[in-house]
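> Show me the folded form of this:
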Amino acid sequence: FSTARSAAGTAADDSGTSLACELQGSGTANEFQTFKRAITLFDTSSLGAGATISAATLELYISGKFDEFTEKTNVHIVQSTPASNTALASSDHNIGNWPTFADQATAINIADLTTSAYNTWTLNATGLTNISKISITKFGFITGFDYSNTSPTYNGVQSASATSNSADGANLPKLNVTYSPSSSDDLYGYGEF
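Numbers count the residues shown, from 1 in each chain. Predicted structure coming up:
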């Protein structure tokens, strides 16, 4: 588990139609063959430097889920820092490229996720602070095992995962922001990114 979690990354896909966070056991005892972190970016520069953000939600359309380990887990929304704003690289998986695993919203149990529907994470104060008013807002989602650095009990080829549609597919990830613009002409704003 620790080897997979701290690995530099072996693959990246930014052209598919889904994104997933996942941990999967292998056919070899006490080893894990899949360890995925997902990244989603939003251009929130239209908010403007003077905007005051009062609330925000991140919505992911969950197309599939597994929670097969004895210890059940959840999905955490955290910050991500990919090397590029327009392409992913395998090195973006490297744990050093994730500032801290600080929750941007309350985690949702995989068992409580609704498939074939949008699921909503309401951003907390940390998450609101990490919305860029002048550039790109960067979030990632990871399993609770990854978040807590705790390995589940190995029991064969089992999986804990949540899969969502990506920016290249239908039912895109959505960041909904409630804010007050800096202009005195606009007293209230709401943006969906």
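> So which bits of stretch 87-102 are buried?
Neighbour counts using 16 or more other CB atoms under 10 Å place 88, 92, 93, 97, 98 of stretch 87-102 among the buried residues. For every residue, glycine as well, the C-beta is placed using N, CA and C.
> ok, of the residues you listed, which one's closest to residue 7?
Relative to residue 7, the closest of the buried residues of stretch 87-102 is residue 93; by CB to CB it sits at 6.9 Å.
> which phi and psi does that closest one have?
phi -70, psi -30 (degrees, to the nearest 10).
> Skip the chain neighbours and tell me the closest residue to it.
Once flanking residues are discounted, residue 93 sits nearest to residue 9: 3.0 Å by CB to CB, 6 or more residues apart in numbering.
> Just put the buried residues of stretch 87-102 in JSON lines and tack on pLDDT.
Below are these laid out as JSON lines (pLDDT from 0 to 100):
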{"residue": "88", "pLDDT": "94"}
{"residue": "92", "pLDDT": "95"}
{"residue": "93", "pLDDT": "94"}
{"residue": "97", "pLDDT": "87"}
{"residue": "98", "pLDDT": "92"}
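> want to try TSV for the residues you listed, with secondary structure as columns?
Formatted as TSV, those follow (DSSP: H, G, I helix; E, B strand; the rest coil):
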residue	secondary structure
88	coil
92	helix
93	helix
97	helix
98	coil
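> and these, which two are the farthest apart?
Spatially, the most separated pair among the buried residues of stretch 87-102 is 88 and 98, at 13.4 Å (CB to CB).
> rewinding a little: please tabulate the buried residues of stretch 87-102 in a markdown table, including the columns distance to residue 42.
Compiled in a markdown table, the buried residues of stretch 87-102 are given as follows (distance: CB to CB, whole Å):
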| residue | distance to residue 42 |
| --- | --- |
| 88 | 15 |
| 92 | 16 |
| 93 | 20 |
| 97 | 18 |
| 98 | 17 |
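> Closest one of the residues you listed to residue 192?
residue 88 (23.3 Å).
> Now for that closest one: which residues touch it?
By CB atoms under 8 Å, 6 or more residues apart in numbering, the contact set of residue 88 is 12, 13, 14, 39, 82.
> Closest one of the buried residues of stretch 87-102 to residue 121?
residue 98 (16.9 Å).
> Quick check: residue 126 is in a strand.
No. Residue 126 sits outside any strand when classified using three-state DSSP, being helix.
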